[in-house]
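> Please find the sequence and the predicted model below.
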Amino acid sequence: MPTKKTSLKKTTAKKAAPKKSRASASVSKKVAVKATVKVTNIADQLFKTFTAKQTPNPVPLKITDLEKRIVDLKIKPAIDPKKLLISINKINPNPAIPVAKMPEDVRKSLTALKPGTKRFHGAKISLAWFPFPSVFSICSDKFGYMSTSSVRSASKLPFNLTNQVLLGQLGDLMGDPERDVGADSTIPSGYTYFGQFVDHDITFDVSSSLEVETDATTINNMRTPALDLDSLYSRGPALDPFLYSFPASGSTAIKFLLGSNSNFGAGGPGGTGGFGGMQTQNDWDVPRAASTNTAMIGDPRNDENLIVAQFHQAMLRFHNQVVDMLELAGFSGDIFVEAKKIVTHHYQWAVVNDYLKKVCGAAAVTSALTTVAASVGSTFRMPVEFSVAAYRFGHSMIRNNYWVNFNFPNATLGQVFEFNRNPRLPIFSNWVVDFNAFFGTGVVVPVNNKARKIDSIMANGLESIPGGSGIMAVLATRNLRRGLALGLPSGQGMANSFGITPMTTAQLTQGLPANEVAVLNSNGGILLQKTPLWYYVLREAAVLRSGNQLGPVGAKIVADTFIKMLKRDANSYLNVSGGFTPMLPSAAAGDFTIADLLIFAGVTQP
C-alpha cells in the first residue's frame, strides 16, 4: 500500500506523447503534470503533515497577533491563548498544497457545501476527506484469530450441550448480585468509558451466534480495524454532511455540529467555583433528530449511556477546537483534513501512552512496540481472542454509583443509563458530566471516581439499567458462550503459545466462593484445565495484578492487537515520517493524555 507521495507517483502510468512539435510536447507535458498533481494531491494532504512533524512557522506569531486574530475571527479558545500560541507556532501555515492550488474541480466544489446549497451532480471532493482505509487500505472487514489452529484445537472447550450448560452455571455465579463486593481499583473510572469509545472505533459484530459453532473468519467487522475515528467522522463531510457544520463561505474549516440540552438548570463542571461555578449548559449534547432524539453520530453505540455519549460530545468539541487553532494559525491548506489528522494522531497517542499503559502496564506496551511486526498495508483480521475475550475486561470495571457532577454526587448506574433515554432527552443541562471526576485533570472535585477492580465479578448496578433485570448473569454467560461458539483457545493455551507460565489451579480458584469452585471442578475439572479465555484474563488480573491491571496474557493480547493495528496503518502516528511528538498543549511536554484532550476540548471548565 502506498505510504508516501513518491510511492503514489509510481502507480501513475506515464505514456510518451508523440513528438509532433515543441508546442504539442509542451501541452502534453502540462497535461501529464496536472494529472500527477491530482493523483498525488491526497498523498500530499495525508502524509506531508507539517503539524505532526512540527515544522515551525517561519514567521512565528506574537501574542498580540494571536489576540487580534481571536477577535477578528470571533473565536473563543478553550484554553489560555498563551498556551495555544506555543502550539500554533509549531504549525507551518503554508502546506505542500494550499487550497488555492488544489485541482480546479475539487476547489470549485467547495461552494456546493455551503448551507442551503444543494449538491450538484459531478461535484469532486478531496479523497483525503474520506476514511483512510476506504481510499488506500486492503479491505480488512472480517474477524479472525490470533492463535494458530493447532493451539485452538488442542486447548479449546468442545462445543457441546454439556459445556454450554456448564458455562451458563459459571456465568450465573459471576453475575450473582449477592457476591458484589464493590472493590475499587487504582484506575480512574473514565478509562472504563474511554475503553468503550475505543471499542466502538475498531469492532462491530452484528452477526455472530451463540447457538452454533462458528469460524470467526466468516464474521464481518462493521468497523474499520484501525484507530481512525470512523465512529466519530463516519464517512466524512461529503457523504455524511448531517454530522457537520459548514462555513458560510467555500472554506474547508468544517466543524462538527453540537447538540442542545434540555434546560433544567446548572450542571457540568464547576471549576474553582465548585457547586456555585456550574452553569446552565445549552450545547453539551450530541446532535439529535428533532422528532425522535436519535443521536446523529458516527456510531449509535456511543449513545448507549450518559458517560460515553458525553465523551463523544467532548470529541466533537476537540475537533472543533483544532479547527479554530488552524484558523488562528492562518493555515492555508485543507483545514478539515489537517484537523482530522491532528485529532486522530493525538487520540492514537493517548490510546497507546495513556490508556494502554494504564490497563496493560508500560512493560507490555513497550514490548508490543518493540516486537510486533506489521508492515504498512499488511492484511489483518480483528482477532476474536481480543474482541470476544481479552478486551471485554472492561465489563468488570463498571461501578454501581458515580459522582456525575455537584448536583448528583451518588448517581446510580441505572440513572447513568436512564438519563440518556427518552423522555429525558436531549441531555438535561443539570446532568451534564463533570469529567474532572473521571480523569486526573488537575481540577479539584469532591470525589474522583475509580473503576472497579478487574476481576470476575459484575457490578450489581447493572441490574438497575433499563431492561437490566438479570443482565449480570446474561452478560457473563453470553461472553462465555460466545467464546465457546467461536472456538477460542483456553487461557492456558494462549499462555503456552506466548511462552508464559499458565496460572495454577490454586491461583485460578484463589478467593472464590465454594459454589464457584465447585462448578470449576465439576465435569472432571474441565474448566480448570481449559479455562475460558475471558474468564482466565479476569482471574489473571485479579490474582496476579490485584485487579489494578491486566495480567501477562490479557495485557499481551490487548497491547499487541492495538500496536499491530497502528503499525499496519500508513496514516497512524507510528508511521509519521520523522516520528511524531504531540504538539497540542499538555500537562507534560512531549506527551498527551486523555485528560489533556478533555482540557483542550474545553469540557473541564464551566
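Right, received. Where do you want to start? Numbers count the residues shown, from 1 in each chain.

> Next, the buried residues of the longest strand along the chain.
In the chain, with assignment by DSSP state E, the single longest strand is strand 184-188. Within strand 184-188, the residues that count as buried by 16 or more other CB atoms under 10 Å are 185, 187, 188. (Each C-beta comes from the backbone N, C-alpha and C, glycine too.)

> Could you name the helices and strands sitting against that strand?
Here strand 184-188 touches strand 450-452, going by 3 or more CB pairs under 8 Å, 6 or more residues apart in numbering; DSSP states H and E.

> what residues does stretch 538-556 touch?
By CB atoms under 8 Å, 6 or more residues apart in numbering, the residues outside stretch 538-556 that reach it are 183, 185-187, 358-361, 364, 367-368, 390, 393, 396, 452-456, 491, 494-495, 498, 500, 503, 507-508, 510-511, 531, 536-537, 558.

> If we use 7 Å, what do you get?
183, 185-187, 359-361, 364, 390, 393, 396, 453-456, 491, 494-495, 498, 500, 503, 507-508, 510, 536-537, 558 (CB atoms under 7 Å, 6 or more residues apart in numbering).

> among those, which ones are buried?
Buried among the contacts of stretch 538-556 by 16+ other CB under 10 Å: 185, 187, 359-361, 364, 390, 393, 396, 453-456, 491, 494-495, 498, 500, 503, 508, 536-537, 558.

> From those residues, which land in helices?
Of the buried ones among the contacts of stretch 538-556, the ones assigned to helices by DSSP state H are 359, 364, 491, 494, 495, 498, 508, 536, 537, 558.

> And the pLDDT for the fourth one?
Read it as residue 494. Per-residue confidence (pLDDT) for residue 494: 98.

> Check the one 5 residues further on too.
Residue 499 is assigned 98 on the pLDDT scale.

> show me what contacts the residue nearest the centre of the chain?
Residue closest to the mean C-alpha point of the chain, counted by CA atoms, centre = their mean, is residue 198 at 3.0 Å. Applying CB under 7 Å, 6+ apart, we find residue 198 in contact with residue 351.

> One more pass at 8 Å, please.
227, 351, 355.

> Throw these into CSV and include distance to residue 594 and secondary structure, thanks.
Below are those laid out as CSV (distance: CB to CB, whole Å; DSSP: H, G, I helix; E, B strand; the rest coil):
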residue, distance to residue 594, secondary structure
227, 14, coil
351, 9, helix
355, 7, helix
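
> now, which of these sits nearest residue 278?
Distances from residue 278 to the contacts of residue 198, taken as CB to CB, are shortest for residue 355 (28.1 Å).

> for the chain, what spans make up the strands?
Under the criterion DSSP E, the chain contains strands at 143-144, 184-188, 244-245, 255-256, 382-383, 401-402, 411-412, 450-452.

> for those, which one ends up most surrounded?
strand 382-383 (a mean of 26; mean count of other CB atoms under 10 Å).

> Show me the contact partners of that strand.
Residues outside strand 382-383 that contact it (CB under 8 Å, 6+ apart) are 140, 142-147, 202-203, 221, 225, 557, 561.

> That one pairs with which strands, and in what direction?
strand 143-144 (parallel) (DSSP bridges).

> what's the burial count for the nearest residue to residue 63 once chain neighbours are set aside?
Spatial nearest neighbour of residue 63, excluding adjacent residues (CB to CB, 6 or more residues apart in numbering): residue 85 at 5.7 Å. Look at residue 85: counted by other CB atoms under 10 Å, it has 21 neighbours.

> Then residue 90?
Burial measure for residue 90: 20 neighbouring residues, criterion other CB under 10 Å.

> So it sits against residue 582, correct?
No. Counting by CB atoms under 8 Å, residue 90 stays clear of residue 582, with 10.1 Å between them.

> average pLDDT across the longest strand of the chain?
Mean predicted lDDT for strand 184-188 stands at 98.

> Name the residues that touch that strand?
For strand 184-188, the external contacting residues (CB under 8 Å, 6+ apart) are 358-359, 397, 438-440, 448-454, 547-548.

> List the strands paired with that strand, with their directions.
strand 450-452 (antiparallel).

> Show residues contacting the partner strand.
Under CB under 8 Å, 6+ apart, the answer for strand 450-452 is 182-189, 191-192, 396-399, 459, 547.

> do the same with stretch 418-426
Contacts to stretch 418-426, defined as CB under 8 Å, 6+ apart, come from residues 259-262, 285, 288, 292-293, 303-306, 309, 427-428, 431, 465-466.

> which of the residues in that stretch are buried?
418, 419, 420, 424, 425, 426.

> wait, residue 401 sits on residue 409?
No. Between residue 401 and residue 409 there is no contact under CB under 8 Å: 9.1 Å.

> List the buried residues of stretch 265-282.
Result for stretch 265-282 [16+ other CB under 10 Å]: buried residues 266, 267, 268, 269, 270, 271, 278, 279, 280, 281.

> Sorry, slip of the keys, the one I care about is stretch 582-593.
Along stretch 582-593, these residues count as buried under the neighbour rule (16+ other CB under 10 Å): 582, 583, 584, 585, 586, 592, 593.

> and residue 249, backbone torsions?
The phi and psi values for residue 249, taken as degrees, to the nearest 10, are phi -90, psi 180.

> re the thing from before, which of the buried residues of stretch 418-426 sit farthest apart?
Of all pairs in these, the most separated under CB to CB is 418 and 426 at 14.5 Å.

> hmm, back to that, looking at the contacts of strand 184-188, which one is closest to residue 322?
Nearest to residue 322 out of the contacts of strand 184-188 is residue 439 (CB to CB; 19.2 Å).

> tell me the contacts of that closest one?
Applying CB under 8 Å, 6+ apart to residue 439 gives the contacts 188, 190, 191, 593, 594, 595, 598.

> Go again with 10 Å.
By CB atoms under 10 Å, 6 or more residues apart in numbering, the residues touching residue 439 are 188-191, 194, 354, 448-449, 593-599, 604.

> again with residue 505
Shown in contact with residue 505 (CB under 10 Å, 6+ apart): 517, 520, 521, 525, 528, 529, 531.

> Go again with 7 Å.
Contact analysis of residue 505 by CB under 7 Å, 6+ apart lists residue 528.

> surely residue 75 meets residue 329?
No. Counting by CB atoms under 7 Å, residue 75 stays clear of residue 329, with 11.3 Å between them.

> quick one, which of the two is more surrounded?
A count of neighbours by other CB under 10 Å puts residue 329 above the other of residue 75 and residue 329, at 25 against 15.
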